[in-house]
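In: Structure, please.
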Amino acid sequence: MHNTNRNGFTLMELLLVLGILAILSTIVLIAINPTKQLNDAQGVSRNVAVREIENAISQYIIDGNPVTGVPTIKANALNICRDTITGTACTNAPVSGYDLSVLTTNGKYLVNIPIDPNETDTNITGYKIYKLGSFVKVCSLALEGDCGS
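Out: Just a heads-up that it's a prediction; the model follows:
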């Protein structure tokens, strides 16, 4: 007499369950798309940083301070230096950027100048400055392809 009670699963049953789990996890990853979610979050962060810098510059100008030497063409926008890179270390080659460290003095306008999440250069922020008419504007190359050269 053979015992027909079997304990456990057959190899086919295990492979079938693993296949179904693999298909479901792939569908979930495609639906969630973590890379897109991260890029969207970084885009929002960049937009907030751009507005934060522009608002600080506007307040600085309202307080009667001049902002000079800003290019008037978006294609010529200058890199904004990190707040630790000041004076000629910022404005001269090889950086040739724009020094906004005055905005962070005593934290009056900004605590620090925001840095793009993907910026790897230790001298610049990843944001650029230019003038549009009488307005000083800030742009991000990651958000706008025509933000400086």
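In: where exactly do the strands run in the protein?
Out: Using DSSP state E, the strands of the chain run over 78-81, 124-132, 135-140.
In: Which among the ones you listed is found nearest to Gly8?
Out: The minimum distance between Gly8 and those falls on strand 124-132, with 57.2 Å, by C-beta to C-beta. To be clear about C-beta, it is placed using only N, CA and C from the backbone, and glycine gets the same treatment.
In: roughly how far is the closest one from the heart of the chain?
Out: 13 Å (C-alpha atoms, centre = their mean, to the nearest Å).
In: List the strands paired with it, with their directions.
Out: As defined by DSSP bridges, the strand partners of strand 124-132 come to strand 78-81 (antiparallel), strand 135-140 (antiparallel).
In: thinking again about what came up before, now tabulate the strands of the chain in TSV and tack on mean pLDDT and distance to Lys36.
Out: As requested, the strands of the chain are exported to TSV (pLDDT from 0 to 100; distance: least, C-beta to C-beta, whole Å):
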stretch	mean pLDDT	distance to Lys36
strand 78-81	96	28
strand 124-132	95	20
strand 135-140	95	18
